[in-house]
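Novice: Build the 3D model from these lines:
(2 chains)
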Amino acid sequence: GENVEQHPSTLSVQEGDSAVIKCTYSDSASNYFPWYKQELGKGPQLIIDIRSNVGEKKDQRIAVTLNKTAKHFSLHITETQPEDSAVYFCAAGAPGANNLFFGTGTRLTVIP
Amino acid sequence: DVKVTQSSRYLVKRTGEKVFLECVQDMDHENMFWYRQDPGLGLRLIYFSYDVKMKEKGDIPEGYSVSREKKERFSLILESASTNQTSMYLCASTPVWTGELFFGEGSRLTVL
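Specialist: This next block holds a predicted model:
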């Protein structure tokens, strides 16, 4: 089955700096790569996703890049703000499989 | 907005008790999921259901069962709770598989 590894497990940045979280996956059939943000006391919420026919996707301060050859994808947050502090999960999904495989999470702390 | 409601946010149970965790979604989604979230392990799939009365095992089904008698409701059952089932349980739903999961706020279960 699919195995998704996520690094780092914790990340602290100064407000205004950039943050990068990296994930690798094992199943070359996976073609859908979402990122979820979980704020304290809440369930995870989708913030951005990418499918394997594109290499990069941006949404304001958030971007995701995908390297299918190397089987890794990354989340980039620029100009971080205190409200970006949360736990972030990457995930991978394959066609025909109505399920996602999640990474172990990254706790991001943005220091004001 | 999609709303996934988990009826109990916090539960404390004794070893050997039968535990029911209820989840209701209001968007007529076909697919519903139960995940378990533990620090350092991310989200692990327990069971999912793609239709009423249908269920599929996820990665860690042992010690759990589920029930889906109505489309909007998906219940997780611990027949005889054990201390190693102390965890955060997250319910999620999605329409015919698009990839995006809509999560509830979670049920934190402590088994003493």
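Novice: Could I get the pLDDT score of the residue of chain B found nearest chain A?
Specialist: For chain B, the residue closest to chain A is residue B:103, as judged by C-beta to the nearest C-beta, at 3.1 Å. (Each C-beta comes from the backbone N, C-alpha and C, glycine too.) If you check residue B:103, the pLDDT there is 96.
Novice: neighbours around it, how many?
Specialist: Residues lying near residue B:103 (other C-beta atoms under 10 Å in any protein chain shown) number 24.
Novice: Confirm for me that it is in contact with residue A:39.
Specialist: No - assessed by C-beta atoms under 8 Å, residue B:103 is found out of contact with residue A:39, at 11.4 Å.
Novice: list residues touching both of these two?
Specialist: The contact sets of residue B:103 and residue A:39 overlap at residue A:45 (C-beta atoms under 8 Å, 6 or more residues apart in numbering or on different chains).
Novice: Distance of the residue of chain B closest to chain A relative to residue B:87?
Specialist: 15 Å (C-beta to C-beta, to the nearest Å).
Novice: before we move on, what about residue B:112?
Specialist: 14 Å.
Novice: which one of these two has more residues nearby?
Specialist: A count of neighbours by other C-beta under 10 Å puts residue B:87 above the other of residue B:112 and residue B:87, at 20 against 10.
Novice: Check the gap between that one and residue B:79 for me.
Specialist: Residue B:87 sits 16 Å away from residue B:79, taking C-beta to C-beta as the criterion.
Novice: Likewise for residue A:79?
Specialist: For residue A:79, the distance to residue B:79 - C-beta to C-beta - is 50 Å.
Novice: likewise residue B:8?
Specialist: As judged by C-beta to C-beta, residue B:8 and residue B:79 stand 17 Å apart.
Novice: higher neighbour count, the two?
Specialist: residue B:8 (14 against 11).
Novice: what stretches of chain A score poorly on pLDDT?
Specialist: A:96, A:98 (pLDDT under 70).
Novice: could you redo the last one with a cut-off of 90?
Specialist: A:1-2, A:29, A:51-55, A:93-100 (pLDDT under 90).
Novice: Can you pull up the residues of it that come close to chain B?
Specialist: Counting by C-beta under 8 Å from any C-beta of the partner chain, chain A comes close to chain B at A:1, A:4, A:6, A:9, A:32, A:34, A:36, A:41-46, A:49, A:89, A:93, A:98-100, A:102-105.
Novice: One more pass at 10 Å, please.
Specialist: Within reach of chain B by C-beta under 10 Å from any C-beta of the partner chain, chain A has these residues: A:1, A:4, A:6, A:9, A:31-34, A:36, A:38, A:41-46, A:49, A:51, A:87, A:89-91, A:93, A:95-105, A:107.
Novice: which among those end up buried?
Specialist: Buried members of those, counted by 16 or more other C-beta atoms under 10 Å in any protein chain shown: A:4, A:6, A:31-34, A:36, A:38, A:43-44, A:49, A:87, A:89-91, A:93, A:97-105.
Novice: which SS class is residue A:83?
Specialist: Here residue A:83 is helix, with the state taken from DSSP: H, G, I helix; E, B strand; the rest coil.
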